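*Asks:* Would you be able to build a 3D model of this:
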Amino acid sequence: MKIGISGLPKSGKTTIFNALTKLEADTSLYDIKSEPNLGIVQVFDERIKHLSEIYKPKSTIYANIEFIDFPAMSEDNQDHQFLSTNSMTLLKNTDALAIVLRNFQDDVLDQTYHEANPEKDFNAIYEQFILSDLIAAEKRLEKIELSYKRGIKTAAIQLEEKVLRKVTETLNEIKPISSITLTNDELKAIRGFQFLSLKPILIVLNSDENNLFQNSELLDKLQKHSNCIEFAGKFEMELGRLDEDEAKMFMEDLNITDSAINVFVKSAYQTLGLISFFTVGSDEVRAWTINKSDTALDAAGKIHSDLARGFIRAETFSYDDFKTHGSEKAIRENGLFRLEGKTYQVKDGDIINVRFNV
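*Replies:* Sure thing, here's the model as predicted:
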């Protein structure tokens, strides 16, 4: 899973990036970077840890998230190109976008930019996403018109044109593409554009220690746009540099009950509609990430294309049942071991072994 971190200058997005990845990307006041920062984080899952203790595999593989911290976006974007071509390509290829909003007071930043105004900043950022999408859609419509003049008018192109006209109408109203109801065929027709306003959005309110957990009204307003979580970014970044016991002590002082990465991961999975299933054995215990609506056949394909191609049945039981009864033998004895077909909708925590023949 790839998540892009975006925000206005000095919103603290690189601080959030460091807090999540425990890296040391430059966060100095006067540094304005031109290239993204990249970091990969393991998604710790207590269930995988427990399964590994039972099966004692040669390797244990957790799911991971790739974070991409993009250069700051300009508030006043005259040329409509708020990122370099390379950065824009990376941004479009993300699975979701985390928008960091400044919610802390700083005299220098207040004078250089403006006082912290998270709602205003969110609108400024999202309007740039909408503008970028509108430009891309209009350019493609111009090319489609040219194709028609040359006698090229396939069913696929006509469907694409129909969807793009619906998209541009919405974007011209300063509304995101995600506000439109599109069929699977319509979504497929525009999938290649990787439109920014169609991506899942996670809002990160970057507060400081003094106002953390005192912004319920603001959070309610932001929640109307998308899922929203609150961090004290600088504090969380400093926590990442401490050992576990020291970090726990400082967290207790601020009533922080969970780490930034755990809070972020939970919200990201919810925002994207993701779940985890597991494969187990003496060679490997592994977590796999799929969509909530995915089937046993989709899960098989996630593991390997051959498993999907030769799919016969999915041997399935739940982690919760396994934890309760303690072994696969007990699972079978209690009638909790199942054979599922291609259309079975995988549940979070399912343990799956795919029977296949190719």
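
*Asks:* How far does stretch 323-340 sit from its chain's centre?
*Replies:* With CA atoms, centre = their mean, to the nearest Å as the basis, stretch 323-340 stands 33 Å off its chain's centre.

*Asks:* Show me which positions of that stretch end up buried.
*Replies:* For stretch 323-340, the neighbour count (16 or more other CB atoms under 10 Å) marks 325, 328, 331, 336, 340 as buried. Using the backbone N, CA and C atoms, a C-beta is placed for each residue, glycine as well.

*Asks:* And the first one, how far from residue 335?
*Replies:* The one in question is residue 325. Distance of residue 325 to residue 335, given as CB to CB, to the nearest Å: 11 Å.

*Asks:* and what of the second one?
*Replies:* Remark: distance between residue 328 and residue 335 (CB to CB) = 13 Å.

*Asks:* what does residue 243 give?
*Replies:* 46 Å.

*Asks:* A helix includes residue 41, no?
*Replies:* No: the assignment for residue 41 by DSSP: H, G, I helix; E, B strand; the rest coil gives strand, which leaves it out of any helix.

*Asks:* Please tell me I have it right and it contacts residue 20.
*Replies:* Yes: between residue 41 and residue 20 a contact is recorded at 6.2 Å, counting by CB atoms under 8 Å.

*Asks:* between the two, what contacts are shared?
*Replies:* Residues touching both residue 41 and residue 20 by CB atoms under 8 Å, 6 or more residues apart in numbering: 67, 261.

*Asks:* so where is this protein shaky, pLDDT-wise?
*Replies:* 29-33, 75-83 (pLDDT under 70).

*Asks:* okay, now the domains of it?
*Replies:* For the chain, automatic domain parsing gives the domain ranges 2-116+200-271, 128-197, 293-356.

*Asks:* from the buried residues of stretch 323-340, which ones fall inside strands?
*Replies:* Among the buried residues of stretch 323-340, the members found in strands (DSSP state E) are residue 340.

*Asks:* Just after the helix or strand hosting residue 205, pick out the following helix or strand.
*Replies:* Using DSSP states H and E, residue 205 falls within strand 201-207. As assigned by DSSP H and E, the chain's next helix or strand after strand 201-207 is helix 216-223.

*Asks:* What is that following helix packed up against?
*Replies:* helix 118-149, strand 201-207, strand 227-232 (3 or more CB pairs under 8 Å, 6 or more residues apart in numbering; DSSP states H and E).
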